[in-house]
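Asker: I would like the atomic coordinates for the input below:
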Amino acid sequence: MHCETAMPDLSLSGLLLIDKPKGPTSHHMVDAVRRALGGARVGHVGTLDPMATGLLVMLVGRATRLAPYVPGDPKRYSASMLLGMETETMDLEGKVLSDRGYAGRREEVEKALSSLVGEWEQTPPAYSAVKHRGKPAYRYARKGERVELASRKVRIYRVEVTAFRRLGNKAEVDFLVECSPGTYVRELAARIGGELSCGGTLSRLRREASGPFKVEDALGLEEFKSRLKAGEKVLLPMHMALGGMKSVEVKADSVPGVVNGGNLDESKLLITKEDFKGGDMVAVMGNGELLAVHEVTMAKPFSSRPLRVVGTEARLQGQIEKPPGHR
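Answerer: Residues are numbered from 1 along each chain as shown. Reported below is the predicted structural model:
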């Protein structure tokens, strides 16, 4: 996760779903939200290219500590690719490398796309933010320097053609794809263009969903600012960032121990109906607020250890004291 750091506003912590427009980078969106929130700490989970639109999952304040535990699999995109043209960046932002046209049919495109379903190795595009020796790959590419980027395993769960139309001597194909995090949809378009021997480039990309989060629940940046100015609630509770993770509720007198990094056992819990097993991650709640993420060390009787403490607003303001001898 990429974060903008500033003095945190303790009253602002939670999950924010933003519908990113075409043009700005994910970093620019984070910066705009941070400024609107008066300098609160803001981060995002899952980068979108400037040309892409759609769901950007953001974490605000203490919720930024939850980044490793925010579910993001599968990603769902609606996209379009132009067949018959190949570009340097695998999208319409790059220099055209070939313009051969495509005279094929929808059926052969559907067959080629269906062959992508499954798990395989994907090499990130040269124009990507993947780091090589500490620098993003696109910096080398812009200088004309070739670098070897390590391939990674990706999984395509589903792909479906939704429209096929002629554009002069080319064809534009709309499609839906569900895939694992880290999959480059640009590379999928280029791969299909290569398989059809015509070249392919991504012409549109929109993220519809990331794990349990959906773009229809997101706010546009201007709507977010307008609601914020009107005093409306714009952040979702922190525990929602965990996407339905199993949870336990601790007794009120156990809250200080949890926010100070203590372990849990059954005696500190209110009644829970969840079934646990060793190794499960669990959201620890107290007084209706997320306190920490724990790992279950024993299911019966229950015990757990902290993985990440997010604390409480009261704790950060000094209203909950540390136990004697605790630093």
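
Asker: Next, name the residue at the spatial heart of this structure.
Answerer: Centroid check for the chain by C-alpha atoms, centre = their mean gives residue 46 as the closest residue, at 3.1 Å.

Asker: quick one, what contacts that one?
Answerer: Residues in contact with residue 46, defined by C-beta atoms under 8 Å, 6 or more residues apart in numbering, are 56, 57, 72, 75, 181, 207, 210. Just so you know, the C-beta spots here come from the backbone N, C-alpha and C atoms, and that holds for glycine as well.

Asker: can you check residue 190 too?
Answerer: Applying C-beta under 8 Å, 6+ apart, we find residue 190 in contact with 86, 90, 125, 199, 200, 201, 202.

Asker: Considering those residues, which possesses the most neighbours?
Answerer: Highest neighbour count within the contacts of residue 190, by other C-beta atoms under 10 Å: residue 200, with 30 neighbours.

Asker: Now do the same contact list for that residue.
Answerer: Counting by C-beta under 8 Å, 6+ apart, residue 200 touches 81, 82, 83, 84, 85, 86, 189, 190, 191, 192, 193, 194.

Asker: If we use 10 Å, what do you get?
Answerer: For residue 200, the contact set (C-beta atoms under 10 Å, 6 or more residues apart in numbering) comprises 81-87, 90, 102, 109, 112, 170-171, 173, 186-194.

Asker: Enumerate the beta-bridge partners assigned to it.
Answerer: Beta-bridge pairing for residue 200 (DSSP bridges): residue 83.

Asker: what's the distance between it and residue 106?
Answerer: Distance, residue 200 to residue 106, by C-beta to C-beta, to the nearest Å: 14 Å.

Asker: Same check on residue 213?
Answerer: Residue 213 is 32 Å from residue 106, where distance means C-beta to C-beta.

Asker: more neighbours, these two?
Answerer: Neighbour count, other C-beta under 10 Å: between residue 213 and residue 106, residue 213 has more, with 23 against 13.

Asker: What residues are bridge-paired with the more buried one?
Answerer: residue 210.

Asker: just to revisit the earlier point, would you mind checking which of the contacts of residue 190 the model is least sure about?
Answerer: For those, the weakest pLDDT value sits at residue 125, with 87.

Asker: which residues are in contact with stretch 142-150?
Answerer: Here stretch 142-150 makes contact (C-beta under 10 Å, 6+ apart) with 121, 123-128, 130-133, 135-137, 139-141.

Asker: quick one: terminal-to-terminal distance for that stretch?
Answerer: This stretch, stretch 142-150, spans 19 Å end to end (C-alpha to C-alpha, to the nearest Å).

Asker: for residue 191, helix, strand, or coil?
Answerer: For residue 191, the assignment made with DSSP: H, G, I helix; E, B strand; the rest coil gives helix.

Asker: For it, the count of nearby residues, please.
Answerer: Using other C-beta under 10 Å as the criterion, the residues surrounding residue 191 number 19.

Asker: now the strands for the stretch 201-327 of the chain?
Answerer: 213-214, 219-220, 247-249, 264-265, 281-286, 289-298, 303-309 (DSSP state E, counting those that start in this stretch).

Asker: and those as CSV, adding distance to residue 34 and mean pLDDT?
Answerer: Converted to CSV, the strands of the stretch 201-327 of the chain look like this (distance: least, C-beta to C-beta, whole Å; pLDDT from 0 to 100):
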stretch, distance to residue 34, mean pLDDT
strand 213-214, 20, 98
strand 219-220, 15, 98
strand 247-249, 29, 96
strand 264-265, 34, 96
strand 281-286, 26, 96
strand 289-298, 21, 97
strand 303-309, 22, 97
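
Asker: Redo those as JSON lines? Include distance to residue 18.
Answerer: Listed next are the strands of the stretch 201-327 of the chain as JSON lines, based on distance: least, C-beta to C-beta, whole Å:
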{"stretch": "strand 213-214", "distance to residue 18": "11"}
{"stretch": "strand 219-220", "distance to residue 18": "6"}
{"stretch": "strand 247-249", "distance to residue 18": "26"}
{"stretch": "strand 264-265", "distance to residue 18": "34"}
{"stretch": "strand 281-286", "distance to residue 18": "23"}
{"stretch": "strand 289-298", "distance to residue 18": "21"}
{"stretch": "strand 303-309", "distance to residue 18": "23"}
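
Asker: Those strands: which one's closest to residue 258?
Answerer: strand 289-298 (4.7 Å; C-beta to C-beta).
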